[in-house]
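Trainee: Have a look at this fold, sequence not included:
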């Protein structure tokens, strides 16, 4: 008979469950503001703003200092290491600024990917690097908890081609995610489990559904093997969509049926919430697909919500363009997208009037990293 050691106490379980429930409370989702220095630099370059620490800090202050009503739409914010220790213009640490609004602070814990030997260009956190990152994870989790974080995020990346993802890559990444989740919970952090299947490719909707089912089934088997307390976790997957080069176009209703069916087949009802990635969709497309899922007549035992980075920030960046006098306009753009996605979480988003150009622009980046 297998046993968990050390086992979580009832008090630890309740604390984790309470945090997870706060993040995905009705109408709330996650702002992913955990872009690395390089990825944030790419965003700033598109609006002709230099990639300096001060410019990165200034834009994130715009997001975090938005009107207090943002807490009706945003339940959690994922930060990058740099951002966790930055302050607003008055000297207040960002975690304190976020928590004042009743929003939960999270931290990006993975450090990117490494090649997986014996596969066709697939990745994991492998060998010596994986051991180093996971073995040091307990200490990092403990420190981040002291510094104000209450949840963590770890991303695994898989691609769909004629030969991938391989069973080796699926199992390797599932086990890494499970070990990370277990370590997080031992140190009081709710783990967000992120097995992302990239939208690159010309595969159709059915192929993505098949692969996503296989990946999620492996992930939840691994979480079970590692004794992870599911009520104190959140899932952060891709939506089930066709590859961006697929000649056939699908409706939000098609995406909704494929995605919810996949989740019903693989994700236990004990999981409090599923926070979808936008996967390079435009802001508007990501909102419409989420809305269609929540309107679906299929059973939905978990909250279906969002964990968007690009799909919450693109319009705000376009409004800001690095100028302090545009702060209010950028905050209004951010709050508008957050409110739209809050409605989509309830299946209540109704398109009315003209959608601005920034919201319609594709945010896809090939082989996306952040």
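Mentor: Everything's here; your move. Small disclaimer: the values here were computed from a predicted structure and weren't measured.
Trainee: contacts and neighbour counts: CA atoms only from here.
Mentor: Fine.
Trainee: Please enumerate the strands of the stretch 1-150 of the chain.
Mentor: 29-33, 74-79, 104-108, 114-115, 123-124 (DSSP state E, counting those that start in this stretch).
Trainee: now the stretch 151-300 of the chain
Mentor: Taking DSSP E, counting those that start in this stretch, the strands of the stretch 151-300 of the chain run over residues 151-158, 190-197, 234-235, 273-276.
Trainee: so how far is residue 27 from the closest residue to residue 293 other than its chain neighbours?
Mentor: Spatial nearest neighbour of residue 293, chain neighbours left out: residue 256 (4.4 Å); criterion: Cα to Cα, 6 or more residues apart in numbering. Distance from residue 256 to residue 27, counting by Cα to Cα, to the nearest Å: 18 Å.
Trainee: ditto for residue 269
Mentor: For residue 269, the distance to residue 27 - Cα to Cα - is 19 Å.
Trainee: the more surrounded of those two?
Mentor: Comparing residue 269 with residue 27 by other Cα atoms under 10 Å, the one with more neighbours is residue 27, at 25 against 15.
Trainee: Now the closest residue in space to that one that isn't next to it in sequence: which helix or strand?
Mentor: Closest residue to residue 27 apart from its sequence neighbours, by Cα to Cα, 6+ apart: residue 342 at 4.6 Å. Secondary structure assignment for residue 342, by DSSP states H and E: helix 327-345.
Trainee: tell me which element the most centrally placed residue in the chain is part of?
Mentor: Closest to where the C-alpha atoms of the chain average out (Cα atoms, centre = their mean) is residue 307, at 4.1 Å. Using DSSP H and E, residue 307 sits within strand 303-308.
Trainee: rewinding a little: need the per-residue pLDDT for the residue nearest to residue 293.
Mentor: Listed pLDDT for residue 256 reads 99.
Trainee: if I look at it, how far off is residue 292?
Mentor: 6 Å.
Trainee: re earlier: nearest to residue 318, of the strands of the stretch 1-150 of the chain?
Mentor: Checking those against residue 318 by Cα to Cα gives strand 29-33 as the closest, at 16.2 Å.
Trainee: Centre of the chain to stretch 77-89, how far?
Mentor: Computed by Cα atoms, centre = their mean, to the nearest Å, the chain-centroid distance of stretch 77-89 equals 17 Å.
Trainee: Then stretch 230-241?
Mentor: How far stretch 230-241 lies from its chain's middle: 9 Å, per Cα atoms, centre = their mean.
Trainee: List the contacts of it.
Mentor: With Cα atoms under 8 Å, 6 or more residues apart in numbering as the test, stretch 230-241 has contacts from 13, 16-20, 181, 185, 190-199, 204-205, 208-209, 212, 255-256, 258-259, 270-279, 307.
Trainee: Please check those and keep the buried ones.
Mentor: 13, 16-17, 19-20, 181, 185, 190-199, 204-205, 208-209, 212, 255-256, 258-259, 271-279, 307 (16 or more other Cα atoms under 10 Å).
Trainee: roughly how far apart are the nearest residue to residue 156 once chain neighbours are set aside and residue 238?
Mentor: Sequence neighbours aside, residue 195 is the residue nearest to residue 156 in space, at 4.8 Å (criterion: Cα to Cα, 6+ apart). Relative to residue 238, residue 195 is positioned 8 Å away (criterion: Cα to Cα).
Trainee: coming back round to it: among the strands of the stretch 1-150 of the chain, which comes closest to residue 325?
Mentor: Closest among these, using Cα to Cα: strand 29-33, at 22.1 Å.
Trainee: hmm, who's touching the closest one?
Mentor: The contact list for strand 29-33, computed with Cα under 8 Å, 6+ apart, reads 23, 60, 73-80, 275, 305-309, 312, 341-342.
Trainee: mind listing the helices in this protein by residue range?
Mentor: With DSSP state H, the ranges of helices along the chain come out as 10-23, 37-46, 53-64, 81-84, 94-100, 127-135, 137-146, 167-186, 205-225, 252-266, 283-295, 310-320, 327-345, 357-360.
Trainee: Pull out the buried positions in the second one.
Mentor: Using 16+ other Cα under 10 Å as the burial criterion, the residues of helix 37-46 that qualify are 37, 40, 41, 43, 44.
Trainee: Out of those, the closest to residue 64 would be?
Mentor: Taking Cα to Cα as the measure, residue 64 sits nearest to residue 40 out of these, at 16.1 Å.
Trainee: How much space separates the closest one from residue 281?
Mentor: Using Cα to Cα, residue 40 is found at 18 Å from residue 281.
Trainee: One more: residue 169?
Mentor: As judged by Cα to Cα, residue 169 and residue 281 stand 25 Å apart.
Trainee: How about residue 229?
Mentor: In this view, residue 229 and residue 281 are 32 Å apart by Cα to Cα.
Trainee: Likewise for residue 94?
Mentor: From residue 94 across to residue 281, the span is 28 Å (Cα to Cα).
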